[in-house]
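fold the following, please.
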Amino acid sequence: MTASAAVALPASSVTPASEKATSDTWVVTLGATVEYGPTYEGSKHYSFGALPSFDLHRLGDTPEYSAPDDNFDYGLFDFHGLEIGPVVGLRDDRLNLDNLQLESQRRVHWDFDAGGFAQYWLRDNQLRFRTEIRQSLWGGDGLVSDLALDWFQPVGDKWLLSAGPRLSLANSTYMRSNFGVSPALAARNGRVSAFNASGGLKSVGVTVAATYAITPEWSVQVYGKYNRLVGDAADSPITARFGSPNQNIIGFTLNRTFNINF
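All right, here's what the predicted structure looks like:
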């Protein structure tokens with residue numbers, strides 16, 4: 001599972017209309033998310049996990065919608081609608097795969113990853129293209145690149161719906177770490193063959209979400225993510241023999257919005 005960074009909220013639920021925009025007031029949205037999804041990438045076993053979410057914008061600015069799988073970002077540059085800036089995410093850990101009869105498989109530790117994002121609204125606050133490129137900060141867990149296209153549709157004053165396709169790529173370091181089986185490990189195990197996972201296309205999928213504004217300060221979001229592992233990520237014995245290429249995640253987020261003055 002991956003960390004959620006920002007939550008899509010209808011604009012009317014974020015800033016009361018009676019508030020006057022000031023340069024030293026910021027609107028902060030904090031959220032707590034519970035997800036149910038694969039124990040690790042490629043697993044057929046499911047478990048619960050908890051994630052934080054966060055959003056920040058200046059009071060009076062029109063808040064942009066966001067998807068539940070956006071990571072923590074901050075826009076530094078805006079070139080005619082193309083927004084670019086840094087992004088930070090979280091990666092889940094994975095214990096030794098003893099339950100897969102792959103003893104001594106290198107443990108994948110939890111990690112922060114960081115990099116850059118770019119997004120462009122093809123239709124203002126309605127149709128958005130976004131890409132993120134993130135490198136692990138320690139542990140040598142490699143680089144991933146995610147691409148997303150989302151349609152956001154407000155329904156009345158309380159609801160916001162969103163949906164869109166996903167595509168994820170990873171370099172050879174990431175693929176070997178998460179899906180590779182070394183010759184030495186295969187020889188010790190004797191029940192699986194060595195597998196050299198190469199970089200490239202990792203998964204395709206779709207993300208859908210529904211957000212409801214309970215009050216101007218409180219909102220809830222329910223979302224679903226489906227990813228289909230492809231290429232070497234699907235062909236690896238970690239997935240093909242012991243797991244599943246179909247990765248489903250459902251999540252629930254509770255958000256609280258408040259103002260901070262500096």
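
for the rest of this, base every contact and every neighbour count on C-alpha atoms.
OK.

show me where the stretch 101-250 of the chain has helices.
Under the criterion DSSP state H, counting those that start in this stretch, the stretch 101-250 of the chain carries helices at the ranges 172-179, 183-189, 231-235, 237-240.

out of these, the one nearest Pro154 is which?
Go through the helices of the stretch 101-250 of the chain one by one with C-alpha to C-alpha and the one that ends up closest to Pro154 is helix 231-235, at 36.1 Å.

which residues does Phe48 bridge with?
For Phe48, the residues forming beta bridges with it (DSSP bridges) are Tyr36.

could you pull up the residues touching it?
The neighbourhood of Phe48, defined by C-alpha atoms under 8 Å, 6 or more residues apart in numbering, consists of Val34, Glu35, Tyr36, Gly37.

next one: the lengthiest strand in the chain to chain centre, how far?
Longest among the strand segments of the chain by residue count, using DSSP state E, is strand 246-261. On the basis of C-alpha atoms, centre = their mean, to the nearest Å, the separation between the geometric centre of strand 246-261 and that of its chain is 12 Å.

got the contact list for it?
Strand 246-261 is touched from outside by 1, 14, 24-38, 41-44, 59, 216-229, with contacts defined as C-alpha under 8 Å, 6+ apart.

weakest of the helices of the stretch 101-250 of the chain in terms of mean pLDDT?
The weakest mean pLDDT among those belongs to helix 183-189, with a mean of 79.

drop anything exposed from the contacts of strand 246-261.
For the contacts of strand 246-261, a burial check counting by 16 or more other C-alpha atoms under 10 Å picks out 1, 14, 25-38, 41-44, 59, 216-229.

what is the end-to-end distance of stretch 236-253?
33 Å (C-alpha to C-alpha, to the nearest Å).

what residues sit buried inside that stretch?
With burial defined by 16+ other C-alpha under 10 Å, the residues of stretch 236-253 counted as buried are 236-239, 242-253.

appreciated, that's everything.
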